[in-house]
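In: Structural data only, the sequence is not supplied:
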C-alpha cells in the first residue's frame, strides 16, 4: 500500500532545492520565530493581546475584562514584555500596557483571518 503523502518517484528537483536553500532564513532566525510562536501558543496570552489590541489597559482592567487575578495577568504580561510583544508606561502609581508595535496586531489579525476562513 502506497502512502498518499509521499512521492512514488525518487527524484530531487535540483533547481528548486538550490533556490530554496539560498532563500531560506538563517537557522537562528527560524529558531527565534519558533520561540515567538510558543509565546502565541498560550490562549491566556492571546486573550491579553486581543484585549490590548482594543485599548491600552492596566493590570486591573485586563483582569476585570478577562476574569483573571491581578497576579495571573502580571505573570503573563511579564512573559509578553520579555518577548517584546507588549510595552508599558507609568502614569503616577499606575502602569498601562499596550501592544509593542503594529506587527503584533498584524500577527493577531492574520491568525484570526486564517482560522475564520
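Out: Nice, thanks for sending it over. What you are looking at is a predicted structure, and each value in this text was computed from that prediction instead of being measured. Numbers count the residues shown, from 1 in each chain.
In: list the contacts for residue 90?
Out: Going by Cβ atoms under 8 Å, 6 or more residues apart in numbering, residue 90 touches residue 96. For every residue, glycine as well, the C-beta is placed using N, CA and C.
In: Next, count neighbours for residue 35.
Out: Residue 35 has 10 neighbouring residues, counting by other Cβ atoms under 10 Å.
In: Now do the SS call for it.
Out: Classification of residue 35 using DSSP: H, G, I helix; E, B strand; the rest coil returns helix.
In: contacting residues for the nearest residue to it once chain neighbours are set aside?
Out: Excluding the flanking residues, the one nearest residue 35 by Cβ to Cβ, 6 or more residues apart in numbering is residue 83, at 8.0 Å. Residue 83 is in contact with 35-36, 39, counting by Cβ under 8 Å, 6+ apart.
In: and with 10 Å instead?
Out: Counting by Cβ atoms under 10 Å, 6 or more residues apart in numbering, residue 83 makes contact with 35-36, 38-40, 45, 100, 104.
In: out of those residues, what pair is the most spread apart?
Out: The span of these, defined through Cβ to Cβ, is set by 38 and 100 at 17.1 Å.
In: ok, these two, which is more surrounded?
Out: The residue with more neighbours, out of residue 38 and residue 100, is residue 100; 17 against 11, by other Cβ under 10 Å.
In: In this structure, where is pLDDT below threshold?
Out: Residue ranges of the chain with pLDDT under 70: 1-3.
In: Nearest to the middle of this protein, which residue? Look it up for me.
Out: Nearest to the geometric centre of the chain sits residue 40, at 3.6 Å (Cα atoms, centre = their mean).
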